[in-house]
Each structure stands twice: as structure tokens, then as C-alpha cells.
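Asker: I would like to see how this sequence folds:
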Amino acid sequence: AGDAMAGEKPDRGGALAWCGEALKIDPGSMEARKKITSLEIFAVMDFTGKNVSGADASIVTDLLRTELVNTGIFNILDRANMDAIMAEQKFQNSGCTEQECAAQIGKLLNVTKMIVGTMSKLLDSYHITVNLVDVQTGKILSSHNAEAANSRELREACGNLAGKFAAQ
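Answerer: Down below sits the predicted model:
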């Protein structure tokens, strides 16, 4: 992809393409996979709450965002920057959870992948469903879910979800 000169922005797209070619040669290369993930920027949209408050869903979103960062694999756009960009663009995302909308927001945020999800409560347990969406295609690349018996287990459930995404 070539070396960046001082003061220049690195060519992230070129580096991603180079790593993609490396994976074609050696599909099992963990080094190439980690390099691709480190070049991509992910954003995590606030989860939609089903039978839980929006505040609770937002807190669980923050827990997952933290666990993704703690894997050391993902570059996650922080919430403050997301909010600032969306406010600057006057983008209203209320009710925006489908992958097409996630792709639209991802392009606005200039990220490569979006993570969207729901947090729901059914009887006495919480369920978190999370989708990884490719911003360019709007396609769901992977989907995972986790269950927590109570609010104390939600952090562990988010850690498990982050681990599932990191293992891909």
C-alpha cells in the first residue's frame, strides 16, 4: 500500500485492498485478518429496546462498545464523535435499526462497519441481538445473540458478544 510521508494521511483503502489480496493467497492468515480489522473503523449504534427502556438499551450499547474496545482488535468510533457528526449533519436516526439505515449512517460517519442491535426482556431474562453490517453493501456480515438472567449478567453477555466478533 506504500508508506505514508510525514503529514499525509495513510491510504487506509489501499492497505485494506492489499490485506484482502494477502488473504486470497493465505485465507488462514490471522496476521492479515488482524491488520484488516485494525484498519477498519466500526461504529456502534444505540440498541433498540424491546420491553426495556431506551436508557437501559443505551447502557447495554455502551457496555458492548467498551468490551469491543477491550478486545484490542477493533477501532471503535466513540459515542461523542458519532453524536457530534450526526448533529452536524442534522441526521435524525430515531427508529433507525435496519441494516439499510445502518449503512446510510455508516457512510455519514465514514466508517466501514456498523454494529446495530436490540436489547429485549422476555419474562425473566434479557436478550441481546447484534448484527455487524457492511456499510458499502448494507449486508449483514454476522449476527450474534446473548442472554442474561439478570442485569448483573449483562456485562458478561456483552463480553461474550465482543469475543464472538473478535473470533471471526
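Asker: list the buried residues of the longest helix belonging to the chain.
Answerer: Longest helix in the chain, counting residues (DSSP state H): helix 54-70. By neighbour count on 16 or more other Cβ atoms under 10 Å, the buried set for helix 54-70 is 56-57, 59-61, 63-65, 67-69. C-beta: built from backbone N, CA, C; applies to glycine.
Asker: now distance to residue 167 and pLDDT too, for the residues you listed, in JSON lines please.
Answerer: JSON lines is the format used below for those (distance: Cβ to Cβ, whole Å; pLDDT from 0 to 100):
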{"residue": "56", "distance to residue 167": "27", "pLDDT": "95"}
{"residue": "57", "distance to residue 167": "25", "pLDDT": "95"}
{"residue": "59", "distance to residue 167": "25", "pLDDT": "95"}
{"residue": "60", "distance to residue 167": "21", "pLDDT": "96"}
{"residue": "61", "distance to residue 167": "21", "pLDDT": "96"}
{"residue": "63", "distance to residue 167": "19", "pLDDT": "96"}
{"residue": "64", "distance to residue 167": "15", "pLDDT": "97"}
{"residue": "65", "distance to residue 167": "18", "pLDDT": "96"}
{"residue": "67", "distance to residue 167": "13", "pLDDT": "96"}
{"residue": "68", "distance to residue 167": "13", "pLDDT": "95"}
{"residue": "69", "distance to residue 167": "16", "pLDDT": "93"}
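Asker: please name the nearest non-neighbouring residue to the residue nearest the centre of the chain.
Answerer: Nearest to the mean C-alpha position of the chain, counting by Cα atoms, centre = their mean, stands residue 115 at 3.4 Å. Using Cβ to Cβ, 6 or more residues apart in numbering and skipping residues adjacent in sequence, the residue nearest residue 115 is residue 44, 4.5 Å away.
Asker: repeat for residue 120
Answerer: That would be residue 50: by Cβ to Cβ, 6+ apart, it lies 3.6 Å from residue 120.
Asker: the one you found and residue 126 touch, don't they?
Answerer: No. Using Cβ atoms under 8 Å, residue 50 is not in contact with residue 126; the gap is 10.3 Å.
Asker: intersection of neighbour lists for these two?
Answerer: Shared contacts of residue 50 and residue 126, defined by Cβ atoms under 8 Å, 6 or more residues apart in numbering, comprise 119-120.
Asker: name the residue in those two with the higher neighbour count.
Answerer: Taking other Cβ atoms under 10 Å, residue 50 and residue 126 do not tie; residue 126 has more neighbours (21 against 13).
Asker: secondary structure element holding the more buried one?
Answerer: strand 125-134 (DSSP states H and E).
Asker: what are the boundaries of the helices in this structure?
Answerer: So, for the chain - with DSSP H - the helices run 12-25, 30-39, 54-70, 79-88, 99-109, 154-166.
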